[in-house]
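Engineer: What shape does this take:
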Amino acid sequence: MTYMMGKIKFLLLFILLTSFEVTYASECVILLHGLARSSASMEALEGRLVQEGYAVSNVDYPSTDHPIETLAPMAVEQGLRYCKKQSSQKINFVTHSLGGILVRQYLKTHKRQDIGRVVMLGPPNQGSEVVDNLKDTPGFELIHGPAGRQLGTDPSNLPRSLGPVDFELGVIAGTQSVNLILSTMLPNPDDGKVSVESTKVEGMADFIALPATHPFMMTDEIVIDQTVYFLKNGKFNKDALIK
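Structural biologist: Model prediction:
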């Protein structure tokens, strides 16, 4: 009798957990890493979002092998396929650096009704002066690929040509740098790769600047907290930053 009761309890627990999983999978988050990085750089965000109940696709894509026009459908559609398998009804994005430009490029030409909210971490939405200064340096394209050369601030460069966003976007900029040499090429404040001002884009729903650096903001606890808050509420929790 005790054995049967144990099996019944196990089955009830399994049904309960499975039910929650189906409910959570109705909302999916696609993670897109930055230039010359990998999906490993987004694992802290992935773990937190899974805990929060989202289905998560942490996409790995060859960021230094192709121009942005090729990378955008390659990366985004990989994530979309995963979300479809989860029967997700709403698709969100969390991106780092170049990943944000891929989302803008893709959604400019692919209109979807299931796009929810997007959080961009350190995105070069207006390009980066670092690229302006270094793109013709020997070895730059070898390290950063053709996509890296497209991230300048000139109006003819791809980020500046994409226009306003028409989706619910929150932007998080970093204000600290671990690369003081690159920071000399940028208007202050900056995160070592992108100035705070250059992360902004017309049409964004909310913006916040945090004491984080470009290479490590994806693992910063406050950045992650604010990311989750925006995905749930469509705005950042600025009251939490007031001490």
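Engineer: I'd like the distance between residue 196 and residue 75.
Structural biologist: With the distance defined as C-beta to C-beta, to the nearest Å, residue 196 ends up 25 Å from residue 75. Placement of C-beta: from N, CA and C, glycine included.
Engineer: where does the most centrally placed residue in the chain land on pLDDT?
Structural biologist: Centrality entry for the chain: nearest residue to the mean C-alpha point is residue 95, 0.9 Å, by C-alpha atoms, centre = their mean. In this model, residue 95 is scored at 98, pLDDT.
Engineer: Not including adjacent chain positions, what is the nearest residue to residue 229?
Structural biologist: residue 237 (4.4 Å; C-beta to C-beta, 6 or more residues apart in numbering).
Engineer: same question, residue 67
Structural biologist: The spatially closest residue to residue 67, leaving aside those adjacent along the chain, is residue 146, at 4.4 Å (C-beta to C-beta, 6+ apart).
Engineer: all strands in the chain, in order from the N-terminus.
Structural biologist: Counting by DSSP state E, the chain has these strands, from start to end: 27-32, 55-59, 90-96, 115-121, 168-174, 206-210.
Engineer: what stretches of the protein score poorly on pLDDT?
Structural biologist: Counting by pLDDT under 70, the chain shows low-confidence ranges at 1-25, 243.
Engineer: try 80
Structural biologist: Within the chain, the segments meeting pLDDT under 80 span 1-25, 242-243.
Engineer: one step back: look at residue 196 and residue 75 and report which has more neighbours.
Structural biologist: Neighbours per residue (other C-beta atoms under 10 Å) separate residue 196 from residue 75, with residue 75 holding more: 26 against 19.
Engineer: how much space is there between that one and residue 30?
Structural biologist: Residue 75 sits 8 Å away from residue 30, taking C-beta to C-beta as the criterion.
Engineer: what do these two both touch?
Structural biologist: Residues touching both residue 75 and residue 30 by C-beta atoms under 8 Å, 6 or more residues apart in numbering: residue 59.
Engineer: Next, the contact list for residue 83, please.
Structural biologist: The contact partners of residue 83, by C-beta under 8 Å, 6+ apart, come to 28, 30, 55, 57, 91.
Engineer: Same list, those, but as CSV with distance to residue 159 and neighbour count please.
Structural biologist: What follows is those, written out as CSV (distance: C-beta to C-beta, whole Å; neighbours: other C-beta atoms under 10 Å):
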residue, distance to residue 159, neighbour count
28, 26, 27
30, 20, 26
55, 29, 21
57, 24, 23
91, 22, 23
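Engineer: Out of these, the closest to residue 158 would be?
Structural biologist: Sorting those by how near they are to residue 158, with C-beta to C-beta, puts residue 30 at the top with 20.2 Å.
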